[in-house]
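K.L.:
Give me a 3D structure for the following:
(one chain, ligands or ions: 1)
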Amino acid sequence: MSTVAFIGLGNMGGPMAVNLIKAGFTVRVFDLVPAAMQALAEQGALTATSACGAAAGSDIVVTMLPAGKHVRSLYVGDADNKGLIDVVGKGTLLIDCSTIDADSARFVANHAADKGLEFIDAPVSGGTAGAAAGTLTFICGGTDNAFEQAQGVLTAMGANIFHAGGPGAGQVAKICNNMLLSVLMVATSESLQMGVDHGLDPKVLSDIMKVSSGGNWTLDKYNPCPGVMESVPSSNDYQGGFMVDLMVKDLGLSQEAALLSNSSTPMGALARSLYVNHARKGNGKRDFSSIFEQFAPSSSE
Ligand code: NAD
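P.N.:
You can find the predicted model right below:
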């Protein structure tokens, strides 16, 4: 079985790496946070003292990092630091699962290709629950050959593996999806709160809307109203899950993409503005479903 270097063991990367161990891969891990590595070591991973140390000699590298700047500097390095593409062996497959701008993905793919290496962008959908259950959707951009090679490792972490197109295409598809998700989360939140304001039980209202024409993923899997659904961030004071700061990042990426293509995205622009405002009120580290609170009456009312 192949050796996989897994770098970035946060809310998503941690459980994804655990699924690789369960599937029988030898997994070498690195994260800037020692406790995150320790948690993986307890599940059977080998720990490394640097990202390059984890990657050197591995067959496959998987990264799950916050943003484009982290992905660029880790893979390509700079004047003082080697990048992953400088230390991996010939034939190593490079897979970045972070959600980043398509330009950064193409930048790394081009640098990798210059060294004869295959790189694919493979951002995911499905949240932390999907990461833990191994049911993520992977949205890949890269060559046919790289996509083919990635099947084994991706199916150990996900249930749906799509090839959106060439390098960067996975990231474009992913930000289209997240722009839609943000709009659905905001609209679901305001609808639920309006029902509550009129005396409805949010659980009953959710059950109705789930099977009616307003049904959507946030109602099915990620209800933003506390107490409606167990084991989701809204029932855990909006801890864990997908941080508001990350959603703000993704909505910034989608607006940049819209400018580039001269696309009209008024709902995405509004959702970005609402999420930026929510982050500025101190909610950046909380789950993105906490936008629900923006619609609740304040305690002084
Ligand atoms: P996170 O902040 O929980 O985890 C990121 C991890 O990367 C942290 O543990 C951090 O210490 C580590 N890290 C940062 N720079 C590093 C470096 N140079 N070397 C090693 N480790 C480094 O974030 P997350 O929620 O796991 O999200 C990761 C990516 O996945 C983001 O791009 C996000 O947009 C995307 N994503 C998240 C979700 C979700 O539900 N959380 C869903 C889909 C996609």
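
K.L.:
for the stretch 151-300 of the chain, what spans make up the strands?
P.N.:
158-165 (DSSP state E, counting those that start in this stretch).

K.L.:
Now for the residue of it found nearest the ligand: which residues touch it?
P.N.:
Nearest residue of the stretch 151-300 of the chain to the ligand (Cβ to the nearest ligand atom) works out as residue 242 at 3.3 Å. C-betas here are computed from N, CA, C, even on glycine. With contact set as Cβ atoms under 8 Å, 6 or more residues apart in numbering, residue 242 has these partners: 11, 127, 128, 287, 288.

K.L.:
if we go to 7 Å?
P.N.:
Residue 242 makes contact with 127, 287, 288 under the criterion Cβ atoms under 7 Å, 6 or more residues apart in numbering.

K.L.:
Domain-wise, how is this structure divided?
P.N.:
Per automatic domain parsing, the structural domains of the chain span 3-166, 172-295.

K.L.:
Point out the most buried one among the ones you listed.
P.N.:
Comparing those on average neighbours per residue, with mean count of other Cβ atoms under 10 Å, the densest one is domain 3-166 at a mean of 20.

K.L.:
Tell me where this protein has helices.
P.N.:
Per DSSP state H, the chain carries helices over the ranges 13-22, 34-41, 51-55, 68-76, 84-87, 102-114, 127-133, 144-155, 169-197, 202-210, 217-221, 244-261, 266-278.

K.L.:
which residues touch the third one?
P.N.:
So the one you mean is helix 51-55. 5, 7, 28, 29, 30, 48, 61, 74, 82, 84, 87, 88.

K.L.:
Assess the claim that residue 20 and residue 158 are in contact.
P.N.:
No. Under the contact definition of Cβ atoms under 7 Å, residue 20 does not touch residue 158, with a separation of 11.3 Å.

K.L.:
Show me whatever sits in contact with both of the two.
P.N.:
Residues touching both residue 20 and residue 158 (Cβ under 7 Å, 6+ apart): none.

K.L.:
Include mean pLDDT when you put the domains of the chain into a markdown table, please.
P.N.:
Compiled in a markdown table, those are given as follows (pLDDT from 0 to 100):
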| stretch | mean pLDDT |
| --- | --- |
| domain 3-166 | 97 |
| domain 172-295 | 97 |
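
K.L.:
which phi and psi does the residue in the chain that the ligand sits nearest to have?
P.N.:
When distances are taken as Cβ to the nearest ligand atom, the chain reaches nearest to the ligand at residue 10, 1.8 Å away. Dihedral angles of residue 10 (phi, psi; degrees, to the nearest 10) stand at phi -80, psi -150.

K.L.:
For it, give me its contacts.
P.N.:
Residue 10 sits next to 36, 64 when contact means Cβ under 7 Å, 6+ apart.

K.L.:
how does it look with 8 Å?
P.N.:
Applying Cβ under 8 Å, 6+ apart, one finds that residue 10 lies in contact with 31, 36, 64, 66.

K.L.:
Do I have it right that the last one meets residue 246?
P.N.:
Yes. If you go by Cβ atoms under 8 Å, residue 66 and residue 246 touch, sitting 7.0 Å apart.

K.L.:
wait, residue 184 sits on residue 216?
P.N.:
Yes. Applying Cβ under 8 Å as the test, residue 184 and residue 216 come out as touching, 4.8 Å apart.

K.L.:
Return the residues of the stretch 201-301 of the chain in contact with the ligand.
P.N.:
For the stretch 201-301 of the chain, the residues in contact with the ligand (Cβ under 6 Å from any ligand atom) are 241, 242, 246.

K.L.:
how far away is the last one from residue 67?
P.N.:
Spatial separation of residue 246 from residue 67 under the definition Cβ to Cβ, to the nearest Å is 8 Å.
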